[in-house]
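[1] I need the structure of the sequence given here:
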Amino acid sequence: MNEVRRINAGRTTIEDVISANKEKGRHWFDKETMRFFRSKIERDELRFGQLIDDKYFITSEQFDSSSPRLFTVRRFNPKESSINTVGEFQEFKRKATARDFAWCLADHDGDVEKCREIIK
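    Numbering: from 1, shown residues only. Next comes the predicted model:
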C-alpha cells in the first residue's frame, strides 16, 4: 500500500475524486446513484487509480440487462468537486476507444472535436 501512495504522490486518484465529491455533498458516486444508472467506474483504465491527466476517467452504463454496456469519458472539476461528461453520454461502444479519446483529450488540451477526428 505504501508503494501505491508513493507512486500516486501529487497525482489525482479516483479515490480522491470520490472523497472530494462526497465532501461537497454531491451524490455522483453514491451506490444508489451508480446502481440506478447501472454505472461502473472503469478502474482498469486508471494506472494505480490515477486519473488520466489528473482530470479524465471512464465510466460505463447499461440501459437495461439486454442492452450493451456503453462507455463515457468524464472530467473531474477540482474547484467544484463535480463530474462532467466530455463529449456525449455513452458515446463509445468500446472501452479502448473511450480510453484513447481520454488520452487524446489530455494531449490536445481537451479539444473534443479534434479528438473525435483523431480517434474515430
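[2] ok, residues contacting the helix or strand harbouring E117?
    Following DSSP states H and E, one finds E117 within helix 112-119. Helix 112-119 is contacted by residues 86-87, 97, 100-101, 104-105, 108 when judged by C-beta atoms under 8 Å, 6 or more residues apart in numbering. Quick note: C-beta positions are derived from backbone N, CA and C, even for glycine.
[3] Next, the buried residues of that helix.
    By neighbour count with 16 or more other C-beta atoms under 10 Å, helix 112-119 contains the buried residues 112, 115, 119.
[4] Stretch 23-31 too?
    28-29.
[5] again, but for stretch 80-89
    Buried residues in stretch 80-89 (16+ other C-beta under 10 Å): 81, 83, 86-87.
[6] wait, which of these is closest to F29?
    Among those, I83 lies closest to F29 (C-beta to C-beta), at 8.3 Å.
[7] That closest one and W28: what is the separation?
    To W28, I83 is 5 Å away according to C-beta to C-beta, to the nearest Å.
[8] Show me the common contact partners of the two, please.
    With C-beta under 8 Å, 6+ apart, I83 and W28 have common neighbours N21.
[9] what residue ranges in this structure are flagged as low confidence?
    Counting by pLDDT under 70, the ranges of the chain that qualify are 1-10.
[10] mind listing the strands for it?
    Secondary structure of the chain by DSSP state E: the strands cover 39-41, 56-62, 69-77, 82-86.
[11] just the angle between the longest one and strand 82-86, please?
    With axes from the mean of the first three to the mean of the last three C-alpha atoms, to 10 degrees applied, the angle from strand 69-77 to strand 82-86 works out at 130 degrees.
[12] likewise the second one?
    Computed with the same axes, to 10 degrees, the direction of strand 56-62 lies at 80 degrees from that of strand 82-86.
[13] List the buried residues of strand 56-62.
    Burial within strand 56-62, assessed by neighbour count using 16+ other C-beta under 10 Å, is assigned to 56-61.
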